[in-house]
Each structure stands twice: as C-alpha cells, then as structure tokens.
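Colleague: Curious how this folds, go ahead:
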Amino acid sequence: MSDIGAMKNVLIFAAVGEAATGLALLIVPSLVGQLLLGEELSGVAIPVARVAGIALIALGIACWPGTPLTGMLTYSAAVTLYLAYVGFAGGSSGILLWPAVVLHVIITVLLTRAATRFQRRRM
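Modeller: Residues are numbered from 1 along each chain as shown. The predicted model follows:
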C-alpha cells in the first residue's frame, strides 16, 4: 500500500471515530460524560456537549475524502438549527445566543453559495 493510501485509510478511520463520538455526544451527552469523565453531565454542559458533538460530526465529514466545505457547511447549518431550538425551547438564552444564530445563518448561506459554485465548476 502506498503512503497516500495508508494516510487515506487512517484519515477515514479517524473521521468515522470522531463522527461516532459526535453522534453519541449529540444523542446521549450525559452518558458520554459518565463514560469518559466519570461524571454525568448536567445543566449548561448538556447543550455545550451537543454543540461539541455537532462539531465532531462535521469534523468527521470534513476529513472524509472530499471537500472540507461540506464539513463546515454541515457544522454551520446544524449548529444554527440547534441553537435556534435551544432559544425557542426557552431552556437557555444568553445575550449572544440570537446573534450567534444570525451569524451562523449568514455563514450557512455563504457556504451554500460557495458549495453551489464549486459544484457548477466541476461539471
């Protein structure tokens, strides 16, 4: 196997591992906290762990063979939806929550436009 092939396989292995960890943090953050740190997560640690989970999923996508743009777009769109959900559900709302949602909406739109242009150039 060539060095490039070996590197690609390791990158795929790492991407799958990070995405799986991210999915676990998104779905059962308290259990992940218990298994990794010996303490259940609670309070504000739950939404923070879920945002970290979204980031790890996006990192896994970005490291998968292809364009990193897809990973960043995934992160931005997912974190926009999750933070908006947190704000609307009324559980938490700091002074920067809605500006962060708006910023991520803008970033998501810009990344979507960039991805669309990239796809057109490839055709």
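Colleague: Helix or strand: which one has residue 65?
Modeller: Assigned by DSSP states H and E, residue 65 belongs to no helix or strand.
Colleague: and the next element down the chain from the helix or strand that contains residue 58?
Modeller: For residue 58, the host element (DSSP H and E) is helix 45-63. Next in sequence after helix 45-63, counting helices and strands by DSSP H and E, comes helix 68-89.
Colleague: low-scoring stretches of this structure, by residue?
Modeller: Within the chain, the stretches with pLDDT under 70 are 1.
Colleague: repeat that for 80
Modeller: Scanning the chain for pLDDT under 80 picks out 1-8, 10, 65-67, 90-93, 119, 122-123.
Colleague: Quick check: buried residues in the helix holding residue 58?
Modeller: Residues of helix 45-63 classed as buried: 46-47, 49-63 (neighbour count, 16 or more other C-beta atoms under 10 Å). (Glycine included, C-beta is placed from N, CA and C.)
Colleague: Equivalent analysis for stretch 5-15, please.
Modeller: For stretch 5-15, by 16+ other C-beta under 10 Å, it's residue 15.
Colleague: Let the chain start at 55 from now.
Modeller: Happy to do that; since the first residue is 55 now, the last one works out to stretch 59-69.
Colleague: hmm, who's touching that stretch?
Modeller: 55, 113-115, 117-119 (C-beta atoms under 8 Å, 6 or more residues apart in numbering).
Colleague: now do stretch 99-117
Modeller: If you take C-beta under 8 Å, 6+ apart as the criterion, stretch 99-117 is touched by 65-66, 68-81, 83-84, 86-87, 95, 122, 124-126, 128-129, 132-133, 136-137, 140, 145-146.
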